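**Q** heads up, no residue letters with this:
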C-alpha cells in the first residue's frame with residue numbers, strides 16, 4: 001500500500017563558474033498508513049506484551065513506544081501535501097478540546113480550524129489524545145523579549161491526517177516490491193534530462209505575480225507581473241572526464257593456482273569467474289561448524305551439509321575443517337529467536353567455532369537479530385545466517401558457495417587482491433612503497449537513544465587486503481573520540497609489522513556539508529579530527545622517542561547521497577557513464593572553495609536507471625599534495641585510482657561497490673553495533689591491546705565478523 005509522488009530536487013552549489021542550481025528528478029514514497037494507525041498498532045503491541053501491568057504503567061509504556069516509533073519520522077499532510085519531520089507527540093492535547101492562537105481570529109480549536117479551512121478532512125478527525133509535534137523549517141517567529149533572536153515555530157498536526165513517508169524494513173526486504181518501485185523511479189539518462197528540461201521550460205516561459213507591501217500608515221499591497229529573475233540552462237553542461245583502468249584481480253583457484261581476472265570499463269563484475277574460486281589463507285585455519293535449524297527444516301540442513309561438502313572440495317576449503325562432515329546439525333524445538341540463541345550457546349559449549357543459522361522465512365529478521373546479538377555480545381564466535389527458502393531454489397549452489405567465502409573471509413582469509421601497479425609518480429617512483437595504512441571511519445548517530453557509534457577499520461599489509469578494526473559507543477560525537485580509535489589502529493599496525501607507519505590515508509563517512517566548511521572558527525570539524533590525530537602522534541613521540549612516528553596524513557570525506565548526475569554523450573544520445581569515470585577537481589562543475597572530485601565506481605542497471613557518482617572531498621593531503629599551492633592533477637589521479645581499486649576489495653561482493661572496502665566494512669561495523677549491542681561494556685574490541693587482556697571473545701579479535 002504505497003503511493004509514489006514524482007518531483008524535482010534543486011540544490012544551489014558553488015562551482016568554478018560561480019553559483020549554479022543543480023536540478024534532478026526524485027520520487028517520494030508515501031504509505032497509505034496514517035500516523036494514528038501506527039499509534040494504534042504500537043498500543044496493541046504494548047497491551048499484548050504487558051497484560052498484567054497497571055493502568056499507569058501501561059499508559060507510560062504506550063507513550064514511550066509511540067514516541068520511539070514516530071520521533072524522527074517523516075509525514076505528509078493529506079490536505080496540502082507538505083512534508084514535515086516529527087519531533088514527538090504531545091499527549092496533553094487533542095483536536096476537539098485543545099486550542100491555539102490564530103492570527104487575526106484569536107483563540108481557536110483544532111477541530112474548528114479544520115472545519116473552516118479544510119472542511120473535507122474534519123470527518124476523519126478522532127477525539128483521541130495525542131497530537132504530532134513538528135518544527136516548521138520554512139517559517140520563524142521572533143521572540144518578544146529579544147527581537148534579534150529568532151525561534152523556530154512549533155506547530156501541531158492531527159495524526160489521522162498525516163500519512164507516513166518512506167518504506168519499512170519489511171518492505172525493503174521484499175524483492176518483488178523493490179523491483180516494482182524501481183521500474184517507476186529509476187529513469188534512464190534520456191528520460192531524466194527530458195523531465196528536467198520540461199520543468200525548466202515551464203519555469204522560464206510564464207509570468208509570475210509579485211506582491212509588494214509599502215511602508216507607513218498609508219501602506220497598501222501592490223501586485224504586478226514580472227518575468228522570472230533567473231536564467232536557466234535547459235541542457236546539461238559539457239565537461240571532459242577520464243576513465244580509470246584497466247586493472248587485474250588476483251585470486252587463488254580451487255587447485256591452489258593463482259588466477260588473474262581482468263577489469264575494464266565495460267566489465268566491472270566478476271561474479272561468474274569467482275564461483276569455483278577459493279581464498280588465500282595467511283595462516284592455518286581449523287574450524288568446527290554447527291548448523292542450527294528447526295526440526296521442520298532438518299532436511300534442508302542435511303542438504304546444506306552435502307552442498308558444503310561438495311563445494312568445499314572444489315574450492316579447496318575442506319582442509320580447513322576439523323571434521324569430515326564439515327558441519328554438525330543442531331535442531332531446535334521451536335522456531336523462536338530464544339531457541340536459536342540457546343542453540344548457539346549450546347554449540348559453543350560443545351567446542352564449535354562457527355555458527356550457521358538456517359533461518360525460516362516467516363521470522364527471518366527476528367531470528368537474525370537474536371543470533372547476531374548472542375554471537376557478538378555473549379559468545380564471541382563467527383556466525384552466518386542463510387534463509388532456508390534459498391536452498392530450494394536453482395541458485396542453491398551459488399548461495400552456499402558465497403556463504404562459505406563469507407565465513408572464511410570473516411576468519412581472516414583473503415578472497416582476492418588487487419595489484420595496485422599503476423600507483424606511480426611521473427618519475428616512476430611507487431607512491432605506497434613506504435609503510436602505508438588505509439583506514440575507513442564511519443559514525444552513526446542515534447538521537448532517539450542518545451549515543452553515537454564510531455566504527456574504524458584499517459589495513460595491515462602492502463596490498464591492503466588484511467584488516468583490523470575497532471568500535472566504540474559514546475554519549476555524543478567528538479573529534480577526539482574518532483582520533484583515539486584511529487590512533488589505536490596506528491599503534492596496532494606498527495606492532496604487527498614491527499615498523500613505523502609513514503603514510504596514513506583516511507576515508508571518512510557520515511559527514512554533512514556543514515562539517516567541511518569553517519563556520520566561525522579557524523578549523524572545520526574534519527580538520528579538527530586531523531589535528532586531534534596529529535596531537536596524539538605528537539604525544540606518542542614525546543613519550544616514546546625511540547619509536548618516533550613520522551606519519552603523513554591524507555583525509556578524504558566520502559559522500560554518497562548527492563544530487564549530481566553525469567551522462568555519457570555520444571552522437572547526440574546520452575548514456576549512463578562507464579564504471580571508473582573520474583571527474584577531476586579542475587572540472588567546472590566542482591566546488592571553487594573545496595578540493596573535490598567525483599568517481600563513478602559501478603555501473604547502472606543495463607535496462608534502467610543512471611549510475612550515481614560518489615563525491616570525495618580532500619580535507620588534508622600530506623601524502624600526495626603536501627603543498628596546496630603546487631597542485632598536480634597527476635597526483636590526484638593516483639588518489640582516484642587507489643580509491644577506485646579499493647572499491648573492488650569488498651569480499652562480500654564480486655565487483656565494485658560505491659565506496660572503498662574499508663569504509664564499507666566500517667559502515668557494516670557501525671550498523672552491527674547499533675542494532676545488536678545495547679550496553680557499551682558489551683562492545684567487542686579488535687585491537688591487539690584489548691586482545692591480550694580479555695579472553696572472553698577469543699575468536700572474534702582481528703576478524704571481520706560482519
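**A** The structure has been received and is ready for your questions. Computed from a prediction, not measured in an experiment: that's the story for all the values here. Numbering: from 1, shown residues only.

**Q** part of a strand, is residue 86?
**A** Yes - counting by DSSP: H, G, I helix; E, B strand; the rest coil, residue 86 falls inside a strand.

**Q** quick check: beta-bridge partners of it?
**A** residue 134 (DSSP bridges).

**Q** burial of it, as a residue count?
**A** Residues near residue 86, counting by other Cβ atoms under 10 Å, number 22. From N, CA and C alone the C-beta is placed, and that goes for glycine too.

**Q** and residue 379, what is it in contact with?
**A** 344, 345, 348, 355, 697 (Cβ atoms under 8 Å, 6 or more residues apart in numbering).

**Q** would you list the residues you listed in CSV and tack on neighbour count?
**A** Below are the contacts of residue 379 laid out as CSV (neighbours: other Cβ atoms under 10 Å):
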residue, neighbour count
344, 26
345, 15
348, 19
355, 27
697, 20
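
**Q** among those, which one lies nearest to residue 672?
**A** Nearest to residue 672 among the contacts of residue 379, counting by Cβ to Cβ, is residue 697 at 14.0 Å.

**Q** and the pLDDT for the closest one?
**A** Here the pLDDT value assigned to residue 697 is 41.

**Q** and residue 393, by the same measure?
**A** Per-residue confidence (pLDDT) for residue 393: 77.

**Q** kindly report the same for residue 467.
**A** 90.

**Q** ok, the one 3 residues further on next?
**A** What the model reports for residue 470 is a pLDDT of 89.

**Q** in its sheet, what does the helix or strand where it lies sit against?
**A** If you go by DSSP states H and E, residue 470 is part of strand 467-474. Counting by DSSP bridges, the strands paired with strand 467-474 are strand 451-459 (antiparallel).

**Q** okay, now the unreliable bits of the stretch 351-500 of the chain?
**A** 362-363, 447-449 (pLDDT under 70).

**Q** hey, where'd the strands end up in it?
**A** Taking DSSP state E, counting those that start in this stretch as the test, the strands found in the stretch 351-500 of the chain are 354-359, 382-387, 417-418, 436-446, 451-459, 467-474.

**Q** what's the closest of those to residue 192?
**A** Judged by Cβ to Cβ, the one of those that comes nearest to residue 192 is strand 436-446, at 29.8 Å.

**Q** so which other helices or strands are in contact with the closest one?
**A** Taking 3 or more Cβ pairs under 8 Å, 6 or more residues apart in numbering; DSSP states H and E as contact, the helices and strands that strand 436-446 lies on are strand 451-459, helix 479-497, strand 503-508, helix 661-676.

**Q** closest one to residue 373 among the strands of the stretch 351-500 of the chain?
**A** Set against residue 373 and scored by Cβ to Cβ, the strands of the stretch 351-500 of the chain come closest in strand 382-387, at 10.0 Å.

**Q** for the closest one, packing partners?
**A** By 3+ Cβ pairs under 8 Å, 6+ apart, strand 382-387 packs against strand 354-359, helix 364-373, helix 396-410.

**Q** contact partners of it?
**A** Strand 382-387 has contacts (Cβ under 8 Å, 6+ apart) with 304, 344, 353-359, 361, 364, 367-368, 371-372, 375, 399-400, 403, 406-407, 410-411, 699-700, 703, 705.

**Q** neighbouring strands - and their directions - for it?
**A** Strand pairing for strand 382-387, determined by DSSP bridges: strand 354-359 (parallel).

**Q** off-centre distance for the strand it pairs with?
**A** Between the centre of strand 354-359 and the centre of its chain there are 25 Å (Cα atoms, centre = their mean, to the nearest Å).

**Q** in the stretch 151-300 of the chain, which spans are helices?
**A** Using DSSP state H, counting those that start in this stretch, the helices of the stretch 151-300 of the chain run over residues 169-173, 175-185, 189-205, 298-315.

**Q** surely residue 156 and residue 93 touch.
**A** Yes - counting by Cβ atoms under 8 Å, residue 156 touches residue 93, with 6.5 Å between them.

**Q** and the closest residue to residue 268 other than its chain neighbours, its phi and psi?
**A** Distances taken as Cβ to Cβ, 6 or more residues apart in numbering place residue 579 nearest to residue 268, at 4.1 Å, with adjacent residues excluded. Torsion angles at residue 579 (phi, psi; degrees, to the nearest 10) stand at phi -60, psi 140.

**Q** what's the neighbour count on residue 579?
**A** Residues near residue 579, counting by other Cβ under 10 Å, number 26.

**Q** what number of residues lie near residue 266?
**A** Other residues within reach of residue 266, judged by other Cβ under 10 Å, total 8.

**Q** what pLDDT is listed against it?
**A** For residue 266, pLDDT reads 71.

**Q** count the neighbours of the nearest residue to it once chain neighbours are set aside for me.
**A** Of all residues not flanking residue 266 in the chain, residue 578 sits nearest, at 6.9 Å (Cβ to Cβ, 6+ apart). If you count neighbours by other Cβ under 10 Å, residue 578 ends up with 18.

**Q** please apply the same query to residue 556.
**A** 25.

**Q** what about it, which SS state?
**A** Here residue 556 is strand, with the state taken from three-state DSSP.

**Q** quick check: bridge partners of the residue lying closest to it once chain neighbours are set aside?
**A** In space, and not counting its chain neighbours, residue 556 is closest to residue 616: 4.9 Å by Cβ to Cβ, 6+ apart. Counting by DSSP bridges, residue 616 is bridged to residue 558, residue 597.

**Q** for residue 616, give me its contacts.
**A** Residues near residue 616 by Cβ under 8 Å, 6+ apart: 556, 557, 558, 559, 596, 597, 598, 599, 640, 643.

**Q** what of residue 426?
**A** residue 634.

**Q** equivalent analysis for residue 327, please.
**A** Here residue 327 is in contact with 288, 289, 290, 291, 304, 305, 308, 321, 356 (Cβ under 8 Å, 6+ apart).

**Q** distance of the first one relative to residue 178?
**A** Read it as residue 288. 37 Å (Cβ to Cβ, to the nearest Å).

**Q** which one of those two is surrounded by more residues?
**A** Legend: neighbour count by other Cβ under 10 Å for residue 288 and residue 178, higher for residue 288 (17 against 13).

**Q** let me know whether the more buried one touches residue 323 as I believe.
**A** Yes - with contact defined as Cβ under 8 Å, residue 288 counts as touching residue 323 (6.1 Å).

**Q** give me the common contacts of those two.
**A** Residues within reach of residue 288 and of residue 323 at once, by Cβ under 8 Å, 6+ apart: there are none.

**Q** shouldn't residue 44 be within a helix?
**A** Yes - the assignment for residue 44 is a helix, going by three-state DSSP.

**Q** how far away is it from residue 159?
**A** Where residue 159 is concerned, residue 44 sits at a distance of 16 Å (Cβ to Cβ).

**Q** residue 552 - how many residues pack around it?
**A** There are 17 residues near residue 552, going by other Cβ under 10 Å.
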